[in-house]
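A.B. asks: no sequence for this one, just the structure:
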């Protein structure tokens, strides 16, 4: 007799979590063989973590709040590698060409391959560290045919439980968060900002792939992302450029945001996605409002993602730009240049970020 019990629904096949932070990129894995921890420690101190592929570069955590990154771009000319950046300093005697760029990368090229090194430490916004980076670049070129012990795959220790990423507008809030709030092991943070980046111009820096690579390698509990200030750009859709805020632009940009949110949650991270406050330039401010609307809509569709609009605590009446706010009873300048937050503004915003992190992670009784 046939069973009267309903058949169980078919089990949905789950995609495996990514377990290789390189995302299959050969050049990224190669980069991990071209420096060893002793060489990095000699220039920047330590302790230095194991080489970890986190596309598009290999990354070494250094001390509690810094990292070194090395990218290898085979068959990429120096001109193509540096086409989007400005030169701050020309470096002599390193490969065929070498510069320190406004992104704070040291770019150098030799034998048809371009490399770049990045040193980033929380709160270090001005020093270029040219001497240390150039010394490491010479080590890289000396190790292009890596010794056998360098080529072995090293173990990767779990990373900090929080990853705070974004463009240059995230730099100040990252500093304030790490300095004033990430003071316990459960809040230890890997902070990274990439100047001039976002989700639109992935040919310059591919945040969707990079942020997934970091999460795959480091396995943070929480990802904080603040990186839309450069996304007010037309998008190429079906062979034509579409203006910011147009229906096609909204659809394509929303799809990119949704994809990143989905992948991060699938990899096991909670997400705090931070928008931008109003800007002093009305056109840029309008673009940020469009982007914040998309973020809010997509976060509502993705359990595990929380959206925070910093304009809710930084903007003036009607969402207008406000460069001075009252903090502890005193009028306080909070903006640096009409776009970025200054020290006081970063510290102020970090208080609100901290409250949301507490709620997301269930900390301090929140």
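C.D. replies: Structure's in. What do you need? No experiment lies behind these values; they were computed from the predicted model shown.
A.B. asks: which residues does residue 193 contact?
C.D. replies: Applying C-beta atoms under 8 Å, 6 or more residues apart in numbering, we find residue 193 in contact with 120, 165-168, 170-171, 174. To be clear about C-beta, it is placed using only N, CA and C from the backbone, and glycine gets the same treatment.
A.B. asks: let's see 7 Å
C.D. replies: 166-168, 170-171, 174 (C-beta atoms under 7 Å, 6 or more residues apart in numbering).
A.B. asks: now intersect those with the strands, please.
C.D. replies: With strands taken from DSSP state E, the overlap with the contacts of residue 193 comprises residue 166.
A.B. asks: distance to residue 332 and pLDDT added to the contacts of residue 193, as JSON lines?
C.D. replies: Output for the contacts of residue 193, formatted as JSON lines (distance: C-beta to C-beta, whole Å; pLDDT from 0 to 100):
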{"residue": "166", "distance to residue 332": "23", "pLDDT": "97"}
{"residue": "167", "distance to residue 332": "24", "pLDDT": "96"}
{"residue": "168", "distance to residue 332": "22", "pLDDT": "95"}
{"residue": "170", "distance to residue 332": "21", "pLDDT": "97"}
{"residue": "171", "distance to residue 332": "19", "pLDDT": "96"}
{"residue": "174", "distance to residue 332": "20", "pLDDT": "97"}
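A.B. asks: from the contacts of residue 193, pick the one nearest residue 88.
C.D. replies: Comparing the contacts of residue 193 against residue 88 with C-beta to C-beta places residue 168 closest, at 14.8 Å.
A.B. asks: quick check: the closest one touching residue 195?
C.D. replies: Yes. Contact criterion C-beta atoms under 7 Å: residue 168 and residue 195 qualify, at 4.9 Å.
A.B. asks: helices and strands of this structure: which one bottoms out on pLDDT?
C.D. replies: The helix or strand of the chain with the poorest confidence is helix 148-151; it has a mean of 46 (mean pLDDT, DSSP states H and E).
A.B. asks: one step back: between the contacts of residue 193, which sits nearest residue 234?
C.D. replies: Taking C-beta to C-beta as the measure, residue 167 is the one of the contacts of residue 193 closest to residue 234, at 18.1 Å.
A.B. asks: quick check: that closest one touching residue 200?
C.D. replies: No. Using C-beta under 7 Å, residue 167 is not in contact with residue 200, being 11.1 Å away.
A.B. asks: separation between residue 328 and residue 207?
C.D. replies: From residue 328 across to residue 207, the span is 36 Å (C-beta to C-beta, to the nearest Å).
A.B. asks: also residue 312?
C.D. replies: Separation of residue 312 from residue 207 (C-beta to C-beta) stands at 24 Å.
A.B. asks: more crowded one of those two?
C.D. replies: More neighbours surround residue 207 than the other of residue 312 and residue 207, with 22 against 12 (other C-beta atoms under 10 Å).
A.B. asks: that one contacts residue 199, doesn't it?
C.D. replies: Yes. If you go by C-beta under 7 Å, residue 207 and residue 199 touch, sitting 5.9 Å apart.
A.B. asks: contacting residues around residue 70?
C.D. replies: For residue 70, the contacting residues are 31, 34-35, 57-58, 115, 117, 140, by C-beta under 7 Å, 6+ apart.
A.B. asks: just give the number of residues close to the residue lying closest to residue 125 once chain neighbours are set aside.
C.D. replies: Spatial nearest neighbour of residue 125, chain neighbours left out: residue 171 (6.5 Å); criterion: C-beta to C-beta, 6 or more residues apart in numbering. The number of residues packed near residue 171 is 24, by other C-beta under 10 Å.
A.B. asks: could you do residue 255 as well?
C.D. replies: Here the count is done by other C-beta under 10 Å, and residue 255 has 11 residues near it.
A.B. asks: a markdown table for the contacts of residue 193, including distance to residue 217?
C.D. replies: Compiled in a markdown table, these are given as follows (distance: C-beta to C-beta, whole Å):
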| residue | distance to residue 217 |
| --- | --- |
| 166 | 18 |
| 167 | 21 |
| 168 | 24 |
| 170 | 20 |
| 171 | 22 |
| 174 | 19 |
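A.B. asks: tell me the most packed of the contacts of residue 193, by neighbour count.
C.D. replies: In the contacts of residue 193, the most neighbours by other C-beta under 10 Å go to residue 174, 28 neighbours.
A.B. asks: so that residue makes contact with residue 122?
C.D. replies: Yes. Judged on C-beta under 7 Å, residue 174 makes contact with residue 122 at a distance of 6.3 Å.
A.B. asks: anything in contact with each of the two?
C.D. replies: residue 191.
A.B. asks: all the helices of the chain, residue numbers only.
C.D. replies: Listed in chain order, the helices of the chain (DSSP state H) span 26-31, 37-44, 78-81, 130-142, 148-151, 171-180, 207-218, 247-266, 282-301, 311-314, 343-361.
A.B. asks: any regions of the chain where pLDDT drops low?
C.D. replies: 1-24, 146-157, 364-366 (pLDDT under 70).
A.B. asks: what's the spacing between the residue nearest the centre of the chain and residue 246?
C.D. replies: Most central in the chain under C-alpha atoms, centre = their mean is residue 165, positioned 3.4 Å from the mean C-alpha point. Look at residue 165 and residue 246: by C-beta to C-beta, they are 28 Å apart.
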